[in-house]
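**Student:** turn this into a model:
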Amino acid sequence: MLTVEHVTKTFSGTTVLRDINLTFEQGVYGLLAPNGAGKSTLMKMLATLLFPTDGSIRWNGEDIIAMDERYRGILGYLPQDFGYYPNYSPRQFLRYIAALQGVRHARADKRIERLLGLVGLSDVADKKMKTFSGGMVQRVGIAQALIGEPQLLILDEPTAGLDPKERVRFRNIIHDLSADRIVILSTHIVSDLETIAGRIIMLKNAQVLRCDTPATICAELEGHMWEMPSGLPLGEGQKLLSEVQYGTETRQRIYSLQPLTASERIAQVAPNLEDAFLMIYGE
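**Tutor:** Here you go, the predicted model:
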């Protein structure tokens, strides 16, 4: 269990996070908030790259700062800006990371082969990474976060640069990994969180606004989401959230405080996590 207890983080007099209280247990947690809301700051504190101004973070009741290398031994981390050596191949780079983590050579090679297959890089395992696309490099980043078989996995924007097929592969990997560990991830692709996260943590005004299941968050908009042809004027209590393309027709997805009259042109739709995000942060 990982607990965040009354954590505040201040930079040069500006409070980025204020009195944060969270409890993480086995499963997938998604951090969801606009840029600048403190997601990366929170993740860096969980990874001991930053330290709280006030409060504490504990692993099974023990302060992670006091645990020092024992905590880092159970941690896997993929930062938002993943650094690597361009002239290394994925195999060389993963061997390097394994050595830093104290994984013995014979055991490391077995893990590396398995991880290269897991992220779909077995066929380019010995090619230099400077020839890779951004998505391929990101897959190496995911593999290096897993090399130590961590109990806690922290992934900051892990789907950045991945194409739709790679994102599906990534979601399947995270689903399998979450069976026996804590996975905390952030991403701007809301649909990724909706499909894999058991709980969504939303930050606003330096505090935790919500920590709940995607279904519970979406349920608050039930009965208020509608689609209608683009260009129709909005009435009082209505808010345009997004536009959706169906073939040659563009339809607008709106929130309406009052129920509308359904017709061939106006249809009630089920809310999704993106709707909730836009309603909460739309201003």
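**Student:** so, low pLDDT: which residues of the stretch 151-283 of the chain?
**Tutor:** Along the stretch 151-283 of the chain, the parts satisfying pLDDT under 70 run over 283.
**Student:** which element, helix or strand, includes V183?
**Tutor:** Using DSSP states H and E, V183 maps to strand 182-186.
**Student:** correct me, but I154 touches A47?
**Tutor:** Yes: counting by Cβ atoms under 8 Å, A47 is a contact partner of I154 at 5.4 Å. Heads up, the C-betas are built off the backbone N, CA and C, glycines and all.
**Student:** of the two, which one has the most company?
**Tutor:** I154 (25 against 20; other Cβ atoms under 10 Å).
**Student:** quick check: the more buried one vs L100, distance?
**Tutor:** Computed as Cβ to Cβ, to the nearest Å, the I154 to L100 distance reads 17 Å.
**Student:** now K165
**Tutor:** To L100, K165 is 31 Å away according to Cβ to Cβ.
**Student:** mind listing the shared neighbours of I154 and A47?
**Tutor:** 75, 77 (Cβ atoms under 8 Å, 6 or more residues apart in numbering).
**Student:** give me the contacts around the helix or strand just after the strand holding V183.
**Tutor:** Using DSSP H and E, the helix or strand that follows strand 182-186 in sequence is helix 190-196. If you take Cβ under 8 Å, 6+ apart as the criterion, helix 190-196 is touched by 28, 30, 32, 159, 167, 170-171, 174-175, 178, 185, 187, 200, 214, 272-274, 277.
**Student:** can you list the domains in this structure?
**Tutor:** Annotated domains of the chain cover 2-217, 219-281 [automatic domain parsing].
**Student:** between its first and last residues, how far does the last one reach?
**Tutor:** Using Cα to Cα, to the nearest Å, the end-to-end distance of domain 219-281 comes to 17 Å.
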